[in-house]
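1. build me a model:
(2 chains)
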Amino acid sequence: MNTPAYTLDARAADATAPTPHLPGDLAIWIFILAELLAFGVFLVAYAFARSGDVAGFDARQLGLDRDAGAINTVLLLTSSFFVVRATQAVAAGACARASGWLVGAIGCGLGFVVIKVFEYAEKFGAGVTLSSSTFDMFYLSLTFFHFMHVLLGLVILAALWLGTRQRRYGPDNMNGIESGAAYWHMVDLVWLILFPLVYVMR
Amino acid sequence: MKYKSQAVAMPYFIAAIGLFVGQILFGLVLGLQYVVGDFLFPSIPFNIARMVHTNLLIVWLLFGFMGSAYYLVPEEAETELYSPKLALGLFWIFLAAGALTILGYLFVDYNTLASATGNDILATMGREFLEQPLLTKIGIVVVALAFLFNISMTMLKGRKTVINIVLLLGLWGLAVFFLFSFYNPTNLVMDKFYWWWVVHLWVEGVWELIMAALLAFVLIKVTGVDREVIEKWLYVIITLALVTGIIGTGHHYFWIGTPAYWQWWGSIFSALEPIPFFAMTVFAFNMVNRRRREHPNRAAVLWALGTGVMAFLGAGVWGFLHTLAPVNYYTHGSQITAAHGHMAFYGAYVMVVITIMSYAMPILRGRQANSNKAQVIEMWSFWIMTISMVFITLFLTGAGILQVWLQRVSEDPMPFMMVQDQIALFYWMRLWSGVGFAVGLVLYVVSFFIKGKEPEAVAA
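-> Residues are numbered from 1 along each chain as shown, chains lettered A, B, ... in the order given. So this is what the prediction gives:
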């Protein structure tokens, strides 16, 4: 599946991309890899800490709201799907359709944020802090770190939406929307790993 | 030189080199005091010499940064400096304030200095690296603000390049975080907590922006690679630097009374701090490999590449060595820290300032590059200083490992001063490496006085 449906901006491809088929900018991929590495190291630390106190971690984990987590998973997946459709629409030269898909993606992302805020409010009310237990420290740090990425991702999606409204992207200019989409998929991917590890697996 | 006003950079660079020489002299004094405890006592005790050594470093780097900004900002903005007179005036004020402060350290008892300079009104003195009297600190703020005003106005009236924006962000950050040197809570934990906001957020935060911008500028000039490519790298590097460096402050919060989660946060984020430095190395080599021309100033290219490598080793690798909380539990405040401090400061900030001086000084003196002979001497100084610094670092690391073992790990731990006797051999070897460094520095200074014909530019 390496045949691109469109050609990259030739100048950008010459300047940064070692292969002509990399969707989006090389810089965003370096950034994404660094982000994944950061989350990866955090999750390894989590696994390391958990191995020292499995029972304690399991007990605290039971207190988490798995339903809210599951709904959020669906929201992020749906939102990622919308972003894919938006990118495809731009590649087909249909910027107006793309901005519609992006509104859907942003809506799902905002839904994630609202649910997360309620979840945090409930946890803080129950006395969960960074110091209440090692599990709580990881739960709050990991999810909040991810939460911040969702917020940044939403800003990026909003910028993409504006770009599609102004017809800045098109089959010949996919760099921006592909870079933003790649970032949003990263946010989604991290949650797909984080949710089972922190909320579900025992 | 494209703009006349860039010439104000020259006195800044000269002062920087002069103070650098002073710093190294005091480094040699300190190195000797480690093994001959009463050397120069009581006229220059260890604590004073150390204060002068570290303060001179900071001050000369600030001179270097300011000189670099005065050179770089007009050229990037494609306009004359807003006020060359202000820049020159500030130079003399800053030099006088710096000199008076150092003389104060050397010739006035620190307590007397404190009471004579208003420390009773607002206590800010007595903290490592921020020992400057209140008056000096206020002077630094005034000079910094006027300097920032000058270069910000220059940028505002001209072209706004990414390099200029990143550089200004770094310099403004430098000034803003310095304000925490005025905040001195009585609670010792809080005191240390905010002390790091100056010390750490300088060297592992905003200074990295300055460094990346300076490096990017020189690389554009000496390689002729497209600005777009270099700017993209710059974005990635500064994002990585800030993401890892800001929360990475946590690696200083392990054992000072702050909550335990800092041990996780600090370990995780600072474990990633080598990444931006690694990116800078890849960046420098990548750009030089893709160069579109052979710049006649080969010495500047060498310094630029060296900065990438040595910053990664000193700040990245040697920082990582002791940044994880379980490791730092043993190594905290040992000679391992000193090893890291030496190579990181040299590799990142000393070398980047020399890089830009190496590039700009010949141009400020009316030529593209120095004569071949001068460049050869300069490159010798590069290798001698750099290799000496590698040895200083290795010997201090050896000293640190032995120190940690004897003092903190072994079954029968020895007291601090007895351990110092045991590791004296490493201190001697460090001292000789320091002498080597000083030789390299002398050669560096000599390279400025070697005449000869300017080399021709060669198309790649």
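2. excluding its backbone neighbours, what's nearest residue 130?
-> Just so you know, I chose chain A. Closest residue to residue A:130 apart from its sequence neighbours, by C-beta to C-beta, 6 or more residues apart in numbering or on different chains: residue B:261 at 4.4 Å. Where you see a C-beta, it was placed from the backbone N, CA and C, and this is true even at glycine.
3. that was the other one, I meant chain B.
-> Per C-beta to C-beta, 6+ apart, closest to residue B:130 is residue B:181, 4.6 Å.
4. just residue A:65 next, same as before
-> Here the residue nearest residue A:65, using C-beta to C-beta, 6+ apart, is residue A:119, at 5.6 Å.
5. same check on residue B:339?
-> Nearest residue to residue B:339, sequence neighbours excluded (C-beta to C-beta, 6+ apart): residue B:396, at 3.6 Å.
6. what's the first helix or strand after the strand or helix carrying that neighbour?
-> Residue B:396 belongs to helix B:372-404 when assigned by DSSP states H and E. As assigned by DSSP H and E, the chain's next helix or strand after helix B:372-404 is helix B:416-422.
7. show me what that following helix is packed up against.
-> Applying 3 or more C-beta pairs under 8 Å, 6 or more residues apart in numbering or on different chains; DSSP states H and E, we find helix B:416-422 packed against helix B:372-404.
8. quick check, distance from the helix it packs on to the centre of its chain.
-> Helix B:372-404 sits 16 Å away from the centroid of its parent chain (C-alpha atoms, centre = their mean, to the nearest Å).
9. state the mean pLDDT of that helix.
-> Averaging pLDDT along helix B:372-404 gives 98.
10. does anything pack onto that helix? Which helices or strands?
-> Against helix B:372-404 (3+ C-beta pairs under 8 Å, 6+ apart) you get helix B:298-311, helix B:318-321, helix B:325-331, helix B:335-344, helix B:416-422, helix B:424-447.
11. roughly how far does residue A:137 sit from residue B:263?
-> Relative to residue B:263, residue A:137 is positioned 10 Å away (C-beta to C-beta, to the nearest Å).
12. let me redo that: residue B:430
-> 31 Å.
13. wait, what's in contact with residue 146?
-> In the absence of a named chain, this looks at chain A. A:39, A:187, A:190-191, A:194 (C-beta atoms under 8 Å, 6 or more residues apart in numbering or on different chains).
14. think we crossed wires, I meant chain B
-> So residue B:146 contacts B:86, B:90 (C-beta under 8 Å, 6+ apart).
15. helix or strand right after the lowest-mean-pLDDT helix or strand in chain A?
-> Lowest mean confidence among the helices and strands of chain A (mean pLDDT, DSSP states H and E): helix A:10-16, at a mean of 49. For helix A:10-16, the following helix or strand on the C-terminal side (DSSP H and E) is helix A:26-52.
16. and that following helix, what's its mean pLDDT?
-> Mean predicted confidence for helix A:26-52 is 92.
17. packing partners for it?
-> Helix A:26-52 packs on helix A:134-165, helix A:175-194, helix B:227-248, helix B:261-271, helix B:274-289, going by 3+ C-beta pairs under 8 Å, 6+ apart.
18. how about TSV for those helices, with distance to residue B:103 and mean pLDDT added?
-> Below are the helices and strands packed on helix A:26-52 laid out as TSV (distance: least, C-beta to C-beta, whole Å; pLDDT from 0 to 100):
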stretch	distance to residue B:103	mean pLDDT
helix A:134-165	48	97
helix A:175-194	54	96
helix B:227-248	35	92
helix B:261-271	38	96
helix B:274-289	36	93
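19. now render the ones you listed as TSV, adding distance to residue B:58.
-> Shown next, in TSV, are these (distance: least, C-beta to C-beta, whole Å):
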stretch	distance to residue B:58
helix A:134-165	33
helix A:175-194	38
helix B:227-248	18
helix B:261-271	22
helix B:274-289	20
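20. and residue B:234, how close does it get to residue B:283?
-> 8 Å.
21. what helix or strand is the residue of chain A positioned farthest from its centre on?
-> Here the centre of chain A is the reference, and by C-alpha atoms, centre = their mean the most remote residue is residue A:55, at 30.3 Å. Taking DSSP H and E as the criterion, residue A:55 maps to helix A:54-61.
22. centre of the chain to that helix, how far?
-> Helix A:54-61 has its average C-alpha position 27 Å from the chain's average C-alpha position, going by C-alpha atoms, centre = their mean.
23. which residues are in contact with that helix?
-> By C-beta under 8 Å, 6+ apart, helix A:54-61 touches A:49-50, A:133-136, A:139, A:198-199, A:202.
24. okay if I get those residues as TSV plus neighbour count?
-> What follows is those, written out as TSV (neighbours: other C-beta atoms under 10 Å in any protein chain shown):
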residue	neighbour count
A:49	16
A:50	19
A:133	16
A:134	20
A:135	22
A:136	20
A:139	24
A:198	21
A:199	19
A:202	7
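25. what's near enough to touch the residue nearest to residue B:339?
-> Contacts of residue B:396 (C-beta under 8 Å, 6+ apart): B:335-336, B:338-339, B:342, B:426, B:430.
26. what do you get if the cut-off is 6 Å, keeping everything else the same?
-> B:335, B:338-339, B:430 (C-beta atoms under 6 Å, 6 or more residues apart in numbering or on different chains).
27. can you tell me which of the residues you listed is closest to chain A?
-> Closest approach to chain A among these (C-beta to the nearest C-beta): residue B:339, at 24.2 Å.
28. mind listing what the residue of the stretch 51-200 of chain B found nearest chain A touches?
-> Chain A sits closest to residue B:162 of the stretch 51-200 of chain B, with a gap of 12.3 Å, by C-beta to the nearest C-beta. When contacts are counted by C-beta under 6 Å, 6+ apart, residue B:162 touches B:231, B:234.
29. related to what we said a few turns ago, quick one, which of the helices and strands packed on helix A:26-52 is nearest to residue B:96?
-> The closest of these to residue B:96 is helix B:227-248. By C-beta to C-beta, the value is 33.3 Å.
30. same for that closest one, what does it pack against?
-> helix A:26-52, helix B:162-178, helix B:207-223, helix B:261-271, helix B:274-289 (3 or more C-beta pairs under 6 Å, 6 or more residues apart in numbering or on different chains; DSSP states H and E).
31. apart from its chain neighbours, what residue comes closest to residue B:75?
-> residue B:2 (5.4 Å).
32. burial measure for the one you found, as a count.
-> By the measure other C-beta atoms under 10 Å in any protein chain shown, the count of residues near residue B:2 is 9.
33. tell me which element it is part of?
-> Residue B:2 belongs to no helix or strand when elements are defined using DSSP H and E.
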